[in-house]
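Peer 1: A structural model of the following input is requested.
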Amino acid sequence: MTHAQFDPAARQALAAKAVDAKTRKDLSWQRVADASGLSVAFTTAAVLGQHPLPEQSAKAVAELLGLDDDAVMLLQTIPVRGSIPGGIPTDPTIYRFYEMLQVYGTTLKALVHEQLGDGIISAINFKLDVRKVADPDGGERAVITLDGKYLPTKPF
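Peer 2: As a prediction, this is how the structure comes out:
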């Protein structure tokens with residue numbers, strides 16, 4: 001049976017415990033994802049409390065991290081989503097995404113609507129990828145791909 005959370009506290013506590021175990025075992029998110037059989041972005045989001053894991057994935061992640069049966073159960077529950085409390089984020093990395101949306105949010109909206117019409121990009125039917133690439137001018141660049149299904153607004 002599918003179960004849902006109504007309070008994020010339990011998943012937040014589990015996320016803290018899982019990250020501590022990941023750190024103590026010196027594991028990468030990719031290694032955790034490999035155990036789950038799912039993408040690194042989805043698995044990371046799930047362990048951090050933003051998605052439920054399928055049963056086999058939850059068992060594999062819990063085993064890898066040394067988590068108990070209660071954690072396996074909790075990893076499978078539908079969470080209360082949203083990991084940033086109200087207000088402007090203060091973590092520098094998260095703030096830069098906030099800043100990007102402040103600067104380019106209206107541009108993204110204008111271009112999406114011009115090219116696709118009135119509607120939204122789904123965060124449910126969604127894929128995320130983060131890659132590091134060499135910068136031709138020296139150093140490194142982050143390439144972040146947000147790939148969501150477009151859902152047109154339908155008149156009724």
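Peer 1: Over to the residue lying closest to residue 69 once chain neighbours are set aside. Which of the three states is it?
Peer 2: Spatial nearest neighbour of residue 69, chain neighbours left out: residue 62 (7.8 Å); criterion: Cβ to Cβ, 6 or more residues apart in numbering. Glycine gets a C-beta too; all of them are placed from N, C-alpha and C. Using DSSP: H, G, I helix; E, B strand; the rest coil, the structure places residue 62 in helix.
Peer 1: Now for residue 62, how many residues are close by?
Peer 2: By the criterion of other Cβ atoms under 10 Å, residue 62 has 23 neighbours.
Peer 1: Surely it touches residue 68?
Peer 2: Yes - between residue 62 and residue 68 there is a contact at 7.3 Å, judged by Cβ atoms under 8 Å.
Peer 1: just checking, next helix/strand downstream of the helix or strand harbouring residue 15?
Peer 2: Using DSSP states H and E, residue 15 sits within helix 9-24. Heading C-terminal from helix 9-24, the first helix or strand you meet, by DSSP H and E, is helix 29-36.
Peer 1: That next one: what's the following helix or strand?
Peer 2: Criterion used, DSSP H and E; the element after helix 29-36 is helix 40-47.
Peer 1: Many thanks, we can stop here.
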